[in-house]
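Chemist: Quick one, structure for this:
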Amino acid sequence: MPTRRIIASSGGFIGTPGLWGVRRPGGIFLEALRLSGKGRPRVCLVMTASGDDSQYLSTMYSALSNAGCDVDHLALFTQPNRTPDEALGRADVVWVGGGSVANLLALWRLHGVDDAMREAWERGAILGGVSAGSICWHTGGPTDSFGTELVAVTNGLALLPYGNGVHYDSEAQRRPLLHRLVGEGVLPRSYATDDHVGILYEGTEPVAVIADTNTAGPS
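Modeler: Numbers count the residues shown, from 1 in each chain. Below you'll find the model as predicted:
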């Protein structure tokens, strides 16, 4: 049986020194490519959480133009550009962007993306993402999907049987809310990431911490 892997992160891409607004893969995304075991991995970008924002998608394609991978994407707005099975069925790496995790989960279930993600995971594709693209794999976590005040989302895909916190070091509401939600039993045991830090899960066990740069994470 293939090893099932997920990289849940608050990063994945970093800026390019001297080039404002130009992104490039950080250590987290590069590790996803490496773990695929392919010489030229097929990457599927899924930007549902941002409403398939065209600028976000363009930035991602540009960032990956010299990364040694073939890039495609699954769009659900305003109509799907392909079926979830077609988009995810051949992907070696699936990367989910940030935005509204509540909207993402609702649309994925409506279009059958949730089942296609599970199938991709079970056949050995690397699933990963940032922020909403991290929380979605877990049972849930704190989210700003409903406004500036963070609340819990608890209907994640639960491929990983834990809660998840993102942007743990940079957004003041997130740490205390995650602690409270776990303490009150709203969320199970939870794992959180600082900006530009990711957790690698094999099966459902966390096995490694990955950073985009050697300065990311707690000092």
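
Chemist: Tell me how far the residue nearest to Gly51 when sequence neighbours are not counted lies from Ala158.
Modeler: Spatial nearest neighbour of Gly51, excluding adjacent residues (C-beta to C-beta, 6 or more residues apart in numbering): Phe77 at 5.6 Å. For every residue, glycine as well, the C-beta is placed using N, CA and C. Using C-beta to C-beta, to the nearest Å, Phe77 is found at 25 Å from Ala158.

Chemist: what's near enough to touch the residue nearest in space to the middle of the chain?
Modeler: With distances taken as C-alpha atoms, centre = their mean, Gly129 lies nearest the centre of the chain, 1.6 Å away. Neighbouring residues of Gly129 by C-beta atoms under 8 Å, 6 or more residues apart in numbering: 7-9, 12, 46, 94-98, 136-137.

Chemist: and the residue nearest to Gly51, what helix or strand is that in?
Modeler: Assigned by DSSP states H and E, Phe77 falls within no helix or strand.

Chemist: count of neighbours near it?
Modeler: Phe77 is flanked by 14 other residues according to other C-beta atoms under 10 Å.

Chemist: State the pLDDT value of it.
Modeler: Here, the pLDDT recorded for Phe77 equals 94.

Chemist: Flag the shaky bits of the chain, pLDDT-wise.
Modeler: Scanning the chain with the threshold set as pLDDT under 70 gives 17-22, 215-219.

Chemist: re earlier: next one: phi and psi at the residue nearest to the centre of the chain?
Modeler: The phi/psi pair for Gly129 (degrees, to the nearest 10) reads phi 170, psi 180.

Chemist: Touching, Ser10 and His196? I think so.
Modeler: Yes - assessed by C-beta atoms under 8 Å, Ser10 is found in contact with His196 at 6.6 Å.

Chemist: Compare these two and say which is more crowded by neighbours.
Modeler: Using other C-beta under 10 Å, the more surrounded residue of Ser10 and His196 is Ser10, with 30 against 24.

Chemist: How about the contacts made by that one?
Modeler: Going by C-beta under 8 Å, 6+ apart, the list of residues near Ser10 reads 130-131, 134, 166-168, 193-198.

Chemist: Return the member of those nearest to Gly51.
Modeler: Taking C-beta to C-beta as the measure, Ser131 is the one of those closest to Gly51, at 14.5 Å.

Chemist: For the residue nearest to the closest one when sequence neighbours are not counted, grab the count of nearby residues.
Modeler: Excluding the flanking residues, the one nearest Ser131 by C-beta to C-beta, 6+ apart is Gly98, at 3.5 Å. Each residue near Gly98 was counted by other C-beta under 10 Å, and the total is 21.

Chemist: I'd assumed Gly98 was in a helix, is it?
Modeler: No - per DSSP: H, G, I helix; E, B strand; the rest coil, Gly98 lies outside any helix segment and is coil.

Chemist: Surely it and Val130 touch.
Modeler: Yes - between Gly98 and Val130 there is a contact at 5.0 Å, judged by C-beta under 8 Å.

Chemist: Which strand or helix spans Ile6?
Modeler: Judged by DSSP H and E, Ile6 forms part of strand 5-9.

Chemist: who touches that strand?
Modeler: With C-beta under 8 Å, 6+ apart as the criterion, strand 5-9 contacts 28, 31-32, 35, 121, 124, 126-130, 133-135, 137-138, 159-160, 164, 166, 191, 193, 197-202, 210.
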